[in-house]
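>>> would you be able to build a 3D model of this:
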Amino acid sequence: MNVIFLLLLASLLVALIFLAAFLWASKTGQFDDTCTPALRILMDDEPAPRNQAVLTKDKSQQ
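Here you go, the predicted model:
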């Protein structure tokens with residue numbers, strides 16, 4: 001019977017820890033923007049400029 005009380009107290013402690021973590025995450029803005037990260041993969045990145053040294057080296061090899 002003592003084991004049941006111990007398990008109940010342990011489960012309540014874990015539940016309170018998870019509740020506190022959820023409330024902290026909500027308060028600090030972790031769940032503010034849920035749409036943009038899913039759509040970010042669809043957006044094109046601007047191409048990086050090529051290095052001038054690489055361009056001159058390529059032309060000299062031709």
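>>> longest helix in the chain, please.
helix 2-27 (DSSP state H).
>>> state the mean pLDDT of that one.
Average pLDDT, helix 2-27: 96.
>>> same question for stretch 43-57.
pLDDT averaged over stretch 43-57 gives 64.
>>> returning to what we had before: toward the C-terminus, what is the element adjacent to the longest helix of the chain?
Sequence-wise, the next helix or strand downstream of helix 2-27 (DSSP states H and E) is helix 36-39.
>>> alpha carbons only: can I get that next one in PDB?
The C-alpha coordinates for helix 36-39 follow below in PDB (Å, rounded to 0.1, in the frame of the first residue of the first chain):
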ATOM      1  CA  THR A  36       6.500  30.000 -40.500                       C
ATOM      2  CA  PRO A  37       9.000  27.200 -39.600                       C
ATOM      3  CA  ALA A  38       6.900  24.700 -41.700                       C
ATOM      4  CA  LEU A  39       6.800  27.000 -44.700                       C
END
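>>> which residues are in contact with it?
With contacts defined as CB atoms under 8 Å, 6 or more residues apart in numbering, helix 36-39 is touched by no residue outside it. In short, each C-beta sits where N, CA and C put it, glycine included.
>>> mean confidence for it?
Computed over helix 36-39, the average pLDDT equals 76.
>>> centre of the chain to that helix, how far?
11 Å (CA atoms, centre = their mean, to the nearest Å).
>>> what residues are up against Asn26?
Let me fix one detail, which is that residue 26 is Ser and not Asn. No contacts exist for Ser26 under CB under 8 Å, 6+ apart.
>>> then Phe5?
Phe5 neighbours (CB under 8 Å, 6+ apart): none.
>>> picking up where we left off before, so for the longest helix of the chain, what gets flagged as buried?
Within helix 2-27, no residue counts as buried by 16 or more other CB atoms under 10 Å.
>>> against Thr36, how distant is the nearest residue to Phe31 once chain neighbours are set aside?
The shortest distance from Phe31 to any non-neighbouring residue, by CB to CB, 6 or more residues apart in numbering, is to Ala25 (6.8 Å). Distance of Ala25 to Thr36, given as CB to CB, to the nearest Å: 17 Å.
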